[in-house]
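Enquirer: Structure for the following, please:
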Amino acid sequence: CDKEQLRSTLDELLPRDVDVKDNEGGQIESIYYQHRTLGKAHIYFLANTDQSRSHEATICLRGEGRVEEWDPVKGSMREVACRTENGYTTLENAFPQTGSLLLVLDTSKRAKQRRGHEETVVSAIDLQDTWGIRRMNYNALTLDYCQYKFGGGAWSEFVPVWKAQREAEKLDKNVRASLRYAFRTEFTKRKQRRIYVVMEAPERYDITINGRKIGYEGAGWWVDISFKKVDISKFVVNGENALEVTCLFRRPTIPGTMVFLKDGVELESVYIIGDFAVKKAGERFILSDGTNTAHTGDLVQQGYPFYAGAVVYTQTIRAQRADRIYLEFESLDAIVTRVTINGKRAGTIAWRPYKLDISRLVKGGENTIEVEAVSSCRNLLGPHHHRRGELLFVGPGSFSDESNWTEQYSFAKFGIGKARLIRTRIER
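Expert: Down below sits the predicted model:
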């Protein structure tokens with residue numbers, strides 16, 4: 001089917017409901033729309049489905065009237081500058097990658113025939129790539145490989161923990177199961193630091209760290225109410241550390257079914273958490289001293305590969321007042337980002353454009369910018385070893401897909417990109 005011929009034929013037979021074109025008059029095929037009516041009001045939701053390209057669009061809506069842009073996040077609305085001609089209402093809008101727009105055309109009201117305010121960039125100042133940084137949660141190291149033994153048997157080689165579970169389930173009786181996890185520390189700063197091991201149902205296990213038996217004393221939970229903390233601060237040594245846990249293993253399910261038993265046991269990864277950085281050395285991750293600075297870009301490469309939680313970036317800059325001042329980021333690899341200027345909340349960024357109007361909060365002279373970036377639990381919980389890396393969707397099998405297993409770890413990016421301060425002048 002010739003798409004252009006089909007479009008031309010339809011244009012001859014039916015008037016266009018919505019037309020979206022670029023600056024050269026070509027159709028922008030990546031911008032989809034949905035149109036609904038409510039009395040005299042026509043509601044349009046337009047979305048750029050392109051994840052890599054932004055578009056300067058001219059939008060033509062069939063019908064004449066007043067156009068408003070509704071912002072569902074802020075709960076606000078504003079009249080949009082437009083023009084009417086030959087039964088259509090026309091306006092311009094910039095769509096960022098995956099950007100969207102909610103418009104309401106009210107044909108019972110007349111549009112104000114006016115052009116919008118012209119905004120001219122006065123200056124653009126690049127912020128420094130180095131920021132002060134503070135964690136809002138403990139850093140973490142996921143231990144998803146272990147040695148195992150059953151009863152009085154010998155220790156296995158290091159294998160993924162799910163393989164130890166699979167071997168235990170092959171046994172036809174309850175058995176004492178032991179797992180040994182290993183981690184290394186290379187601290188150069190002598191300081192008291194809290195370090196915990198986090199595991200599910202620690203009360204079921206005999207726990208030793210470097211040969212020292214420790215008990216579960218109810219040190220609270222972390223991230224999830226079922227993730228219990230066990231304080232190992234006093235027993236961690238600089239160098240190699242061995243964590244052993246032993247329990248009476250009972251199958252977690254009735255054989256051949258997905259019916260879980262109340263007293264069943266699942267052998268799982270454990271987590272070392274505390275005040276440290278995690279650096280990659282060869283094939284291993286090593287606990288080391290943390291820092292209070294970070295660079296723009298991926299925090300996974302800066303000591304936070306398994307981190308789950310929020311971090312706050314801080315930078316002080318000098319600025320001059322202007323009609324409008326924006327803070328714009330090249331990228332934001334975070335679930336959500338919250339910006340504070342001089343101690344006052346400026347706004348939240350959850351999707352493109354990574355740009356925020358901070359005009360009302362900036363003062364002449366020094367200004368402190370804080371950017372709180374929030375991650376998900378993806379890098380903490382995985383799956384870490386799927387050959388395809390970041391998956392479109394994840395299920396239980398994604399964590400133990402042996403046909404796609406790789407020894408390499410994969411992580412989602414986390415952090416903020418380069419930032420700049422944009423000053424503009426409004427010509428009315």
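Enquirer: quick one: pLDDT of the closest residue to Gly264 other than its chain neighbours?
Expert: Among residues not flanking Gly264 along the chain, Pro252 sits closest, at 3.2 Å (CB to CB, 6 or more residues apart in numbering). The C-beta positions use only the backbone N, C-alpha and C, and glycine is treated the same way. Listed pLDDT for Pro252 reads 81.
Enquirer: Thought Phe260 was touching Pro252, still the case?
Expert: Yes - with contacts counted by CB atoms under 8 Å, Pro252 reaches Phe260, the gap being 5.8 Å.
Enquirer: Tell me who's in contact with Tyr88.
Expert: When contacts are counted by CB atoms under 8 Å, 6 or more residues apart in numbering, Tyr88 touches Asp19, Cys60, Leu61, Arg62, Gly63, Glu64.
Enquirer: quick one, phi psi at Leu369?
Expert: To be clear, residue 369 is Ile; Leu isn't right here. phi -110, psi 130 (degrees, to the nearest 10).
Enquirer: How about it: what's its closest non-neighbour residue?
Expert: Once flanking residues are discounted, Ile369 sits nearest to Gln315: 5.2 Å by CB to CB, 6+ apart.
Enquirer: Can you give me the separation between the one you found and Cys247?
Expert: The gap separating Gln315 from Cys247 is 48 Å, by CB to CB, to the nearest Å.
Enquirer: Comparing those two, which residue is more hemmed in?
Expert: Cys247 (19 against 16; other CB atoms under 10 Å).
Enquirer: and that one, what pLDDT?
Expert: 94.
Enquirer: ok, Val371 - contacts?
Expert: Counted by CB under 8 Å, 6+ apart, Val371 has contacts Trp131, Val312, Tyr313, Thr314, Thr337, Arg338, Val339, Thr340, Ile416, Ala419.
Enquirer: picking up where we left off before, name the element the residue nearest to Ile369 belongs to?
Expert: strand 310-319 (DSSP states H and E).
Enquirer: what comes into contact with that strand?
Expert: Looking at what lies outside strand 310-319 - CB under 8 Å, 6+ apart - the contacts are 125, 127-128, 131-137, 294, 299, 304, 325, 362-375, 416, 421, 423.
Enquirer: Taking those, please make a ChimeraX selection of just the buried ones.
Expert: Only the buried entries of the contacts of strand 310-319 go into this ChimeraX selection, using 16 or more other CB atoms under 10 Å:
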select :127,131,133,135,294,299,304,325,362,367,369,370,371,372,373,374,375,416,421,423
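Enquirer: on contacts alone, who are the packing partners of the host helix or strand of Glu167?
Expert: Assigned by DSSP H and E, Glu167 belongs to helix 161-170. The contact analysis (3 or more CB pairs under 8 Å, 6 or more residues apart in numbering; DSSP states H and E) places helix 161-170 against strand 145-150, strand 175-186.
Enquirer: pretty sure Ile254 contacts Leu261?
Expert: Yes - applying CB under 8 Å, one finds Ile254 in contact with Leu261, separated by 6.7 Å.
Enquirer: Tell me which of the helices and strands packed on helix 161-170 approaches Ala308 most closely.
Expert: Closest approach to Ala308 among those (CB to CB): strand 175-186, 17.7 Å.
Enquirer: what mean pLDDT does the closest one have?
Expert: In the prediction, strand 175-186 has an average pLDDT of 97.
Enquirer: Repeat that for stretch 50-64.
Expert: In this model, stretch 50-64 carries a mean pLDDT of 94.
Enquirer: how far does it stretch from start to finish?
Expert: 29 Å (CA to CA, to the nearest Å).
Enquirer: what do you get for stretch 208-223?
Expert: Start-to-end, stretch 208-223 (CA to CA) is 23 Å.
Enquirer: residues in contact with that stretch?
Expert: By CB under 8 Å, 6+ apart, stretch 208-223 touches 138, 196-198, 202-203, 205-207, 227-232, 235-237, 241-244, 271, 273, 308, 377, 380.
Enquirer: What subset of these is buried?
Expert: 138, 196-198, 202, 205, 207, 227-232, 235-236, 241, 243-244, 271, 273, 308, 380.
Enquirer: Those residues in strands, which ones?
Expert: 196-198, 207, 227-231, 241, 243-244, 271, 273 (DSSP state E).
Enquirer: quick one: low-confidence ranges for the protein?
Expert: 1, 112-116, 255-259 (pLDDT under 70).
Enquirer: ok, now which ones touch Pro252?
Expert: Applying CB under 8 Å, 6+ apart, the residues near Pro252 are Glu169, Phe260, Leu261, Gly264, Val265, Glu266.
Enquirer: Filter those residues down to the buried ones, ChimeraX style.
Expert: For the buried members of these, the matching ChimeraX selection, counting by 16+ other CB under 10 Å, is:
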select :169,265,266
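Enquirer: how about the ones in strands among the buried ones among the contacts of stretch 208-223 in TSV, adding distance to Arg388?
Expert: Output for those, formatted as TSV (distance: CB to CB, whole Å):
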residue	distance to Arg388
Tyr196	33
Val197	31
Val198	28
Ile207	35
Phe227	27
Lys228	33
Lys229	33
Val230	35
Asp231	38
Asn241	33
Leu243	31
Glu244	34
Tyr271	24
Ile273	28
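Enquirer: which among these gets closest to Glu330?
Expert: Using CB to CB, these come closest to Glu330 at Ile273, 31.1 Å.
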